[in-house]
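# curious how this folds, go ahead:
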Amino acid sequence: MTELPHLTHVQHPLVQHKLTLMRDKNTSTAVFRQLLREISQLLAYEVTRELPMTTKRIDTPMEAMDAPTLEGRKLALISILRAGNGLLDGMLELIPSARVGFVGLYRDEKTLQPVQYYFKVPDHMDERLVIAVDPMLATGNSSIAAIELLKKSGAKNIRFLCLLASPEGIAAMKAAHPDVPIVTASVDSRLNDNGYIVPGLGDAGDRMFGTK
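Here you go, the predicted structure:
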């Protein structure tokens, strides 16, 4: 795992292997969806590595002990619709007690700017670790807008989790939200003229839902 102050690049062999299978244009929708679920759990392990801990008194079958447990309010997983739901589903299997929110944004294909159509998040956002999820950090415009909305809702401790990131998207996010760390499985080479990540894996939402 390569770490920079603003970026964590998860290079675990299983993550990279599954990502390669997802990139393959011949991978079916069903397999793509399953791989996304699996890789999201591996990435969730990394993004939650530093959750605050405390202890509580329990009785094992052998004796009483002070055992480690998570501290504070349950974290909030925020899906940036629609493709974020693929990461969300897998993460909820690992963290079933997490609270869940949704930010609905779509990208205007002409301006590449985000347009909001939905926003619903848990309460007490200022007291939670908030993890925003979206498979792609391309231009960064939608992610930046989503993080801004989360901050307006009160969130103070935010992390951003994605499958793929472009150098342009990373730079844009760092400039707009330097306090929000990024966790990704890959930093790809560039964006093309249409604002898509290259080599990338195509449109994650289309491949996940079969809506090409």
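
# longest single helix anywhere in this protein?
Counting by DSSP state H, the longest helix found in the chain is helix 29-47.

# helices or strands up against that one?
Packing contacts for helix 29-47, counted by 3 or more CB pairs under 8 Å, 6 or more residues apart in numbering; DSSP states H and E, involve helix 13-23, helix 84-94, strand 157-165, strand 182-187, helix 204-209. C-betas here are computed from N, CA, C, even on glycine.

# now do the buried residues in that helix.
For helix 29-47, the neighbour count (16 or more other CB atoms under 10 Å) marks 32-44, 46-47 as buried.

# what residues does it touch?
Defining contact as CB atoms under 8 Å, 6 or more residues apart in numbering, one finds that helix 29-47 is touched by 1, 8, 10, 12, 14-15, 18-19, 21-22, 27, 86-91, 93-95, 131, 133, 135, 159, 161, 163, 183, 185, 204, 207-210.

# and the residues you listed, which are buried?
For those, buried by 16+ other CB under 10 Å: 8, 10, 15, 18-19, 21-22, 27, 86-91, 95, 131, 133, 135, 159, 161, 163, 183, 185, 204, 207-209.

# if we can go back for a sec, nearest to Ala172 among the buried residues of helix 29-47?
Among the buried residues of helix 29-47, Val47 lies closest to Ala172 (CB to CB), at 20.0 Å.

# for the closest one, give its distance to Ile39.
12 Å (CB to CB, to the nearest Å).

# what does Met65 give?
Counting by CB to CB - Met65 and Ile39 are separated by 35 Å.

# and what of Gly195?
23 Å.

# kindly report the same for Gly202.
16 Å.

# hmm, Gly195 is touching Thr139, no?
Yes. Using CB atoms under 8 Å, Gly195 makes contact with Thr139 at a distance of 5.0 Å.

# who has more neighbours out of the two?
Using other CB atoms under 10 Å as the criterion, Gly195 and Thr139 rank with Thr139 on top: 20 against 16.

# got the contact list for the more buried one?
By CB under 8 Å, 6+ apart, the residues touching Thr139 are Arg107, Leu112, Ser166, Glu168, Gly169, Ala172, Leu191, Gly195.

# the third one: neighbouring residues, count only.
Using other CB under 10 Å, Ser166 is surrounded by 26 other residues.

# wait, is Asp66 part of a strand?
Yes. Under DSSP: H, G, I helix; E, B strand; the rest coil, Asp66 falls within a strand.
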